[in-house]
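Q: Sequence below, structure please.
(2 chains)
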Number of protein chains: 2
Amino acid sequence: MLQSSDLEKILMTSQDTVLAPGPVNLHPEVRKILAEPMIHHRTPEFDKILKDTLKGLQFIFQTQEPVFMHTSTGSGGMESLLINPLSKGDEIIIINSGKFGERWVEMAKVYGAIIHEIKVPWGEAVTVSQVEQLIKKYPIKMVLTQACETSTAVLHPIKELGEFISQYPDILFLVDGITACGAVELPMDLWKIDGLVAGSQKALMLPTGLSFVSFSKKAWKKIENSDIPKFYFDIKKERKANEKGETWFSSAVPHIKALQFIIHHIQTIGYSQHLNKIKMRSELFLKWLPLLGFKVYAQSPSPSVSAFTVPDGVDSQKLRNHLEEKYRVTIMGGQDQAKGKIIRIGHMGYITKEDLLRTFAGLAYSLKELQKLKLNEIELLKIINDFEKEILPEMEF
Amino acid sequence: MLQSSDLEKILMTSQDTVLAPGPVNLHPEVRKILAEPMIHHRTPEFDKILKDTLKGLQFIFQTQEPVFMHTSTGSGGMESLLINPLSKGDEIIIINSGKFGERWVEMAKVYGAIIHEIKVPWGEAVTVSQVEQLIKKYPIKMVLTQACETSTAVLHPIKELGEFISQYPDILFLVDGITACGAVELPMDLWKIDGLVAGSQKALMLPTGLSFVSFSKKAWKKIENSDIPKFYFDIKKERKANEKGETWFSSAVPHIKALQFIIHHIQTIGYSQHLNKIKMRSELFLKWLPLLGFKVYAQSPSPSVSAFTVPDGVDSQKLRNHLEEKYRVTIMGGQDQAKGKIIRIGHMGYITKEDLLRTFAGLAYSLKELQKLKLNEIELLKIINDFEKEILPEMEF
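A: So this is what the prediction gives:
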């Protein structure tokens, strides 16, 4: 059994733990690859890496369609997903359930879409019938949603939405899978997703810097007719370059080399085992944090990130700052209307047993130090020890 | 004096040398930084790094105006530079002297500019009078150029152009400094440049992944009135975020940390010494490669990259492939109309004495192996030895 003194040793390490919903802890092998000498992107050596990685992305997206890379953050990928198939004046539905739903709204406004917004209260998931009502009323061309809304940790019913929207030959279903693709089940083809975007610093466990998009055949028809001016994110140009074995612009070589490793790593583990690893981590926190006084915030929690309402009288921003400054564990607080009220813990990336333990025990001790823990020392030690026993080897790495 | 056997040892190393006009050899310290554990971009630790780095970029750009970062390749930065101040139907001049001038043309077409193109023959530089003629004829709003056209290694007369264009209160001078800024003299404020873009994988010696843009006060007036739809590259939004100490989107943390190091590195050397280092490297090749039968291609060669016409009967693509496969030295061939005809050698990045020697001697031996060298073994050894003697310690790193 861990004693206070053992915990102190584990907690007071000089190592940083990032359990945020992106960026995430890097795999040691990724760090090694990032440190390799530069190779040029127009070389036979890199050509092979690019080809293999683009193929690997189809495995991650679970699609037969080509997947493309942009050198950009996730938001750049969102822009690509939107403006490639969009035309001015298209009527579109946006499921706005948090900060990234709002980003869809801002972005679509800029590009001249007529927006029908489904404002889902923060922490809740959308229903198919909400979408159905709007589709019956307006000549909708697209439905935009997050798979997981990062700001609330909600997972939306993507499978059901895809099934429903696929009945309409003229409506595309475009999904922001940035905090989902590679971390939760999200098979693009099987679930009839017409456009999917992912980001490098989430489930793909790399630094920020790449986004990935793919489109269904149904979407490609609209891409051919889109009248939105675009250059950097023009997917037709990127496709042409990929067909010649290149990226259109300079390739972000170290990122792509590291991505190749990560995809092979996931393939070695097995995709469902990899997703299960992330799910088990989330279930661990969903089960144990309530014993410290936290409440699960999201109605349908995503395995990729969990949000918790903090115990009464606690400012979540102060709590996360304390955890970071004292214990070098980075988690996120809430944004906008959830600011000060929730914490968010990411379950993606290279996570060890110690990371899990340090995050949980660090939160417990931080609450205690902020005088908001309703447990005595013995109860606290028992809970931490019980938590530790439930960390399985399959949850690591 | 180096003998054949010494040269063989130097040439047959297992180390890669990248003397391309971007990406470039990485500084060992940069490689170390890229391999560090991830830190989150919303932390006090990163806030300090970002603030310092944004300030450092002003030093690199030699400007009092704020400099902004995009997570993108250089072409993304070009797009930002163009579409932020542009409005539909603006009449603009594009100095098209190579592949990247063509990129300006393609891009500006997409965004609805009326383009007056100055088609400069490949290898030549534009003159102020060419620009003057068009300005007198049309209601021009912008002049777009490369400082150094990467595909031809030509340096345009930026100072003179800036001086001339600055007389016109309604005309902006926008400069692609991707293969120039940080490598050749290009003081934004002093030379009256209204918009300047740089890229991470060139003079800033990082991997591909960041671009940097800055605008003059004259340009900001147009930015306020621009009617081009934009989101990811919207510089007004980025400015607002920077004013709060953040990047608008997720920050590319390892790149930015490495950039901070590089800027400090350049500051420690001294900016003019740093530029001089690059110039000395270019002069070395400009002087010595003609002795192997190469001809200097560019009319006004840029210090950042040199282009050479290959000796008669040589296919430059074959030559560079041979150099890469046998000696692990990556330089570039020609693009489009210069394909097969020229080689291009970059002078930016972390370059050691050995890199310089391996590139020169590797080219000499490659020519010999392709049976296109008009020197006997003794003459060859003498030239390489003379070249080696001219490599000064100030040219390294």
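Q: Could you double-check that A:G22 sits in contact with A:M205?
A: No: using C-beta atoms under 8 Å, A:G22 is not in contact with A:M205; the gap is 9.4 Å. For every residue, glycine as well, the C-beta is placed using N, CA and C.
Q: Could you check which of these two has the larger neighbour count?
A: More neighbours surround A:G22 than the other of A:G22 and A:M205, with 30 against 27 (other C-beta atoms under 10 Å in any protein chain shown).
Q: In contact with the spatially most central residue of chain A, which residues?
A: Centrality entry for chain A: nearest residue to the mean C-alpha point is A:T179, 1.1 Å, by C-alpha atoms, centre = their mean. Residues in contact with A:T179, defined by C-beta atoms under 8 Å, 6 or more residues apart in numbering or on different chains, are A:21-22, A:146-150, A:199, A:202-203, A:302, A:304-305, A:348.
Q: can you list these in TSV and add secondary structure, pLDDT and distance to B:A108?
A: Output for the contacts of A:T179, formatted as TSV (DSSP: H, G, I helix; E, B strand; the rest coil; pLDDT from 0 to 100; distance: C-beta to C-beta, whole Å):
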residue	secondary structure	pLDDT	distance to B:A108
A:P21	coil	95	39
A:G22	coil	93	35
A:Q146	strand	98	34
A:A147	coil	98	37
A:C148	strand	98	39
A:E149	strand	97	37
A:T150	coil	97	36
A:G199	strand	97	30
A:K202	coil	95	35
A:A203	coil	92	38
A:S302	coil	98	42
A:S304	coil	98	41
A:V305	strand	98	41
A:M348	coil	98	40
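Q: where do the contact lists of A:G22 and A:M205 overlap?
A: Going by C-beta under 8 Å, 6+ apart, residues that sit against A:G22 and also against A:M205 are A:M348.
Q: is chain B contacted by stretch A:358-375?
A: No: judged by C-beta under 8 Å from any C-beta of the partner chain, stretch A:358-375 and chain B are separated, with a smallest distance of 13.4 Å.
Q: average pLDDT across that stretch?
A: For stretch A:358-375, mean pLDDT is 95.
Q: Next: stretch A:236-246.
A: pLDDT averaged over stretch A:236-246 gives 97.
Q: Please apply the same query to stretch A:30-47.
A: The pLDDT scores in stretch A:30-47 average 95.
Q: quick one: which of the contacts of A:T179 is nearest to A:F285?
A: Minimum distance to A:F285 across the contacts of A:T179 is 10.0 Å, recorded for A:V305 (C-beta to C-beta).
Q: on contacts alone, who are the packing partners of whichever strand or helix holds A:S272?
A: In this structure, A:S272 sits in helix A:271-288 according to DSSP states H and E. Applying 3 or more C-beta pairs under 8 Å, 6 or more residues apart in numbering or on different chains; DSSP states H and E, one finds that helix A:271-288 contacts strand A:305-309, helix A:353-369, helix A:377-389.
Q: Assign a three-state SS to A:I95, would you?
A: Secondary structure assignment for A:I95 (DSSP: H, G, I helix; E, B strand; the rest coil): strand.
Q: need the contact list for the closest residue to it other than its chain neighbours.
A: Leaving aside its chain neighbours, A:I95 sits nearest to A:T145 (3.9 Å; criterion: C-beta to C-beta, 6 or more residues apart in numbering or on different chains). Counting by C-beta under 8 Å, 6+ apart, A:T145 makes contact with A:94-95, A:101, A:126, A:156, A:158, A:161, A:173-176.
Q: Are we agreed that A:L144 is in a helix?
A: No: counting by three-state DSSP, A:L144 is located in no helix; its state is strand.
Q: How many residues are close by it?
A: By the measure other C-beta under 10 Å, the count of residues near A:L144 is 27.
Q: Can you read off the pLDDT for it?
A: pLDDT, A:L144: 98.
Q: how near is the nearest residue to A:S97 once chain neighbours are set aside to A:A183?
A: Nearest non-adjacent residue to A:S97, counting by C-beta to C-beta, 6+ apart: A:V120, 3.7 Å away. Distance of A:V120 to A:A183, given as C-beta to C-beta, to the nearest Å: 21 Å.
Q: how about the helices in chain A?
A: Secondary structure of chain A (DSSP state H): helices at A:4-11, A:28-34, A:44-61, A:74-83, A:99-110, A:128-137, A:158-165, A:217-225, A:235-243, A:253-269, A:271-288, A:316-327, A:353-369, A:377-389.
Q: Spell out which parts of the stretch 151-300 of chain A neighbour chain B.
A: Within the stretch 151-300 of chain A, the positions near chain B by C-beta under 8 Å from any C-beta are A:199, A:201, A:207-209, A:228-234, A:249-255.
Q: Kindly recompute the last result at 10 Å.
A: Within the stretch 151-300 of chain A, the residues that sit near chain B (C-beta under 10 Å from any C-beta of the partner chain) are A:178, A:199-202, A:205-211, A:228-234, A:237, A:247-258.
Q: and A:K141, what does it touch?
A: Residues near A:K141 by C-beta atoms under 10 Å, 6 or more residues apart in numbering or on different chains: A:85-87, A:89-93, A:113-114, A:168, A:170-172, A:222.
Q: rerun that using 6 Å as the cut-off
A: A:90, A:92 (C-beta atoms under 6 Å, 6 or more residues apart in numbering or on different chains).
Q: picking up where we left off before, same list, the contacts of A:T145, but as a markdown table with neighbour count please.
A: Formatted as a markdown table, those follow (neighbours: other C-beta atoms under 10 Å in any protein chain shown):
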| residue | neighbour count |
| --- | --- |
| A:I94 | 26 |
| A:I95 | 24 |
| A:G101 | 26 |
| A:V126 | 26 |
| A:H156 | 25 |
| A:I158 | 26 |
| A:L161 | 25 |
| A:F173 | 27 |
| A:L174 | 27 |
| A:V175 | 27 |
| A:D176 | 31 |
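Q: And the residues you listed, which is closest to A:N276?
A: Nearest to A:N276 out of the contacts of A:T145 is A:I158 (C-beta to C-beta; 18.2 Å).
Q: Contacts only, for the closest one.
A: By C-beta under 6 Å, 6+ apart, the contact set of A:I158 is A:147, A:191.
Q: Chain B versus that one, what's the distance?
A: 23 Å (C-beta to the nearest C-beta, to the nearest Å).
Q: again with A:T330
A: A:T330 sits 5 Å away from chain B, going by C-beta to the nearest C-beta.
Q: just A:I115 next, same as before
A: Using C-beta to the nearest C-beta, A:I115 is found at 14 Å from chain B.
Q: Which pLDDT value belongs to that residue?
A: 98.
Q: Number of residues surrounding it?
A: 15.
Q: I'd guessed it sits against A:W104; true?
A: No: in this structure A:I115 lies outside contact range of A:W104 using C-beta atoms under 6 Å: 8.7 Å.
Q: Quick check: neighbours shared by these two?
A: Residues within reach of A:I115 and of A:W104 at once, by C-beta under 6 Å, 6+ apart, are A:I94.
Q: Buried residues in stretch A:357-377, which are they?
A: Neighbour-count burial for stretch A:357-377 flags A:357-368, A:370, A:372-373, A:375 (criterion: 16 or more other C-beta atoms under 10 Å in any protein chain shown).
Q: To clarify, my last question referred to stretch A:29-41.
A: Across stretch A:29-41, burial judged by 16+ other C-beta under 10 Å covers A:30-31, A:33-36, A:38-41.
Q: Which two among those residues are spaced furthest apart?
A: For those, the farthest-apart pair by C-beta to C-beta is A:R31 and A:H40; their separation is 22.0 Å.
Q: what's A:E117 in contact with, if anything?
A: By C-beta under 6 Å, 6+ apart, the contact list for A:E117 reads A:94, A:96.
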